[in-house]
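In: Quick one: sequence plus predicted model below, questions after.
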Amino acid sequence: GHPREQGENCYFSVPAESLDVDNNIVYHQGLFEGLISKLGYDARAINEAHAVVFSELAESDFTGIGLSFGGGMANACIAYKSIPCVSFSVARGGDWIDDNVANVLGIKSSKATYIKERGIDIRDPKNREEEAVAIYYRNLISYVLQNVKSRFEGGRDMPTFNDPIDVACAGGTSMIGGFIAVFREEFAKIDFPL
């Protein structure tokens with residue numbers, strides 16, 4: 001709809017710069033800014049994972065790690081008191097899981113998507129197909145966490161966190177049964193620098 005008053009803010013999310021592919025977002029960001037501005041809003045882009053921080057970490061003074069697991073990418077933002085310290089994305093997400101499951105099982109990607117989205121629990125796969133989904137989910141989560149760890153260790157602008165920080169996960173790919181339990185298991189496997 002149209003704004004209640006001319007120039008009302010309208011935020012839309014964009015992915016962060018990717019670590020493993022060239023993902024120039026200038027065109028798409030500009031396209032959406034133009035469409036939203038034509039409706040009378042003041043269009044403002046926000047990093048997708050930073051939006052997760054604003055949405056989910058208010059009780060933590062907007063300090064922590066926001067992760068958005070989407071279809072095409074996973075986005076990460078490490079924030080301190082709402083200020084993004086590090087933001088990045090990786091070119092792995094739900095579609096990456098579907099494509100790899102399809103490849104190893106010799107099925108179409110749409111069938112792999114169906115298997116993944118029919119209501120399985122990745123902690124307790126019931127057959128070879130669900131096992132493939134669980135293996136690729138675990139790999140995706142581990143890959144994202146290893147990259148977050150690497151950014152913590154190499155980030156020269158990283159603040160010192162004196163207290164434990166929260167991690168918020170969002171996005172369609174994180175909606176599968178058992179995601180948070182597997183996330184915790186994979187997190188426990190790495191020597192996280194906090």
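Out: Thanks, I have the structure now.
In: so where is the chain shaky, pLDDT-wise?
Out: For the chain, not a single residue meets the criterion pLDDT under 70.
In: Which strand or helix spans the residue positioned nearest the centre of the chain?
Out: Nearest to the mean C-alpha position of the chain, by Cα atoms, centre = their mean, lies residue 68 at 2.0 Å. Using DSSP states H and E, residue 68 sits within strand 64-69.
In: now the angle between strand 64-69 and the very next helix or strand once past that strand, please.
Out: With elements assigned by DSSP H and E, the helix or strand that comes after strand 64-69 is strand 74-80. Here the directions of strand 74-80 and strand 64-69 differ by 170 degrees (axes from the mean of the first three to the mean of the last three Cα atoms, to 10 degrees).
In: which residues sit against strand 74-80?
Out: Strand 74-80 is contacted from outside by 15-16, 47-50, 52-53, 57, 62-68, 84-90, 92-93, 140, 144, 147-148, 151-152, 155, 158-159, 161, 171, 173, using Cβ atoms under 8 Å, 6 or more residues apart in numbering. Every residue, glycine included, has its C-beta placed from N, CA and C.
In: With just CA atoms, put stretch 21-31 into PDB.
Out: The C-alpha trace of stretch 21-31 is given here as PDB (Å, rounded to 0.1, in the frame of the first residue of the first chain):
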ATOM      1  CA  VAL A  21      30.700 -16.000  -5.300                       C
ATOM      2  CA  ASP A  22      30.500 -12.600  -7.000                       C
ATOM      3  CA  ASN A  23      27.100 -11.300  -6.100                       C
ATOM      4  CA  ASN A  24      26.800  -7.700  -7.200                       C
ATOM      5  CA  ILE A  25      23.500  -6.500  -5.700                       C
ATOM      6  CA  VAL A  26      23.700  -2.900  -7.000                       C
ATOM      7  CA  TYR A  27      21.100  -3.400  -9.800                       C
ATOM      8  CA  HIS A  28      18.500  -5.300  -7.700                       C
ATOM      9  CA  GLN A  29      18.900  -2.800  -4.800                       C
ATOM     10  CA  GLY A  30      18.500   0.100  -7.200                       C
ATOM     11  CA  LEU A  31      15.400  -1.500  -8.800                       C
END
